[in-house]
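sequence and predicted structure are below.
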Amino acid sequence: MSDAEAFEPLELAPGLWRWTADHPRWDPRATPGSTGDWGPRVGCVLVLGADTATFIDALVPADSAPFWGWADQLVAGAAECHALTTIGFHRRSRDELVERYGARTSRAREALPAGVEKRSLRGAGEVAYWLSGQRALVLGDRVLGDGRGGLRLCPESWIAYLGNGLTIERLRELLRPLLELPVARVLVSHGDPVLADGRTALAKAIRC
């Protein structure tokens, strides 16, 4: 296994884990600003409660043995497991988690474990998740890492498929209520997460 494919989960806060995996549909020739303009690795999240385990946008790496060995240990003490997605494109390995752990899916969003709250971005085709215990906000495709330690909004091409006339300006309005949360961390699927003063980084992305 190459270094680029190594499975290296990081515990960002007590009970909050993030890992990255190579996405099989990454296109290194994608045109900047196009719908395929994203990096080769995508971010995935696992949050542990008192007796729950919640995966968000999970992708099992191609070399799956290290992942399953790690996940089996963490999920072993959970009475209940969830496999959530922020956006339809991020179903990724959801079915594998359902098969292995009997995980509940995004269809059961009304019965989320304590400390995991959904924040719908109505009209933007996405649900953000607020992890109150870790003060972490998990986002899908609407907010990305900017490659400089901060955040940026997605390209306009990424919302055109919705066909509802959503503009970047309207997306800013949909994201603004998230600034009411005491966000310390912002975990994104594409790009690096922001692990301190996340609210400031999100506010800057919304204003830009």
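Cool, got the structure. Residues are numbered from 1 along each chain as shown.

can you list contacts of the host helix or strand of residue 97?
Remark: residue 97 resides in helix 94-101, with elements defined by DSSP states H and E. Residues from elsewhere that reach helix 94-101 (C-beta atoms under 8 Å, 6 or more residues apart in numbering): 53, 55, 58, 60, 68, 75, 78, 81, 83, 85, 103, 105. Yep, even glycine has a C-beta here, placed from its N, CA and C like the rest.

hey, C-alpha coordinates of that helix in PDB?
The C-alpha trace of helix 94-101 is given here as PDB (Å, rounded to 0.1, in the frame of the first residue of the first chain):
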ATOM      1  CA  ARG A  94     -23.100   3.500   3.500                       C
ATOM      2  CA  ASP A  95     -24.500   0.100   2.400                       C
ATOM      3  CA  GLU A  96     -21.400  -1.600   3.700                       C
ATOM      4  CA  LEU A  97     -21.900  -0.100   7.100                       C
ATOM      5  CA  VAL A  98     -25.500  -1.100   7.100                       C
ATOM      6  CA  GLU A  99     -24.600  -4.700   6.300                       C
ATOM      7  CA  ARG A 100     -21.800  -4.900   8.800                       C
ATOM      8  CA  TYR A 101     -23.200  -2.900  11.800                       C
END
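
pretty sure residue 49 sits against residue 114.
Yes - assessed by C-beta atoms under 8 Å, residue 49 is found in contact with residue 114 at 6.0 Å.

contacting residues around residue 146?
152, 191, 205.

out of those, list just those in strands.
If you go by DSSP state E, these have residue 152 in strands.

what does stretch 57-74 rub up against?
Residues beyond stretch 57-74 that count as contacts (C-beta under 8 Å, 6+ apart) turn out to be 1, 5, 7, 9, 17, 19, 21-24, 42-46, 48, 53, 83-86, 90, 92-94, 96-97, 100, 138, 140, 189.

name only those of those that count as buried.
Buried residues within the contacts of stretch 57-74, counting neighbours by 16 or more other C-beta atoms under 10 Å: 7, 9, 17, 19, 21-23, 42-46, 48, 53, 83-86, 90, 92-94, 96-97, 100, 138, 140, 189.

so how far is the helix or strand bottoming out on mean pLDDT in the chain from its chain's centroid?
The helix or strand with the lowest mean pLDDT-type score in the chain, counting by mean pLDDT, DSSP states H and E, is strand 104-105 (a mean of 88). From the chain centre to the centre of strand 104-105 is a distance of 16 Å (C-alpha atoms, centre = their mean, to the nearest Å).
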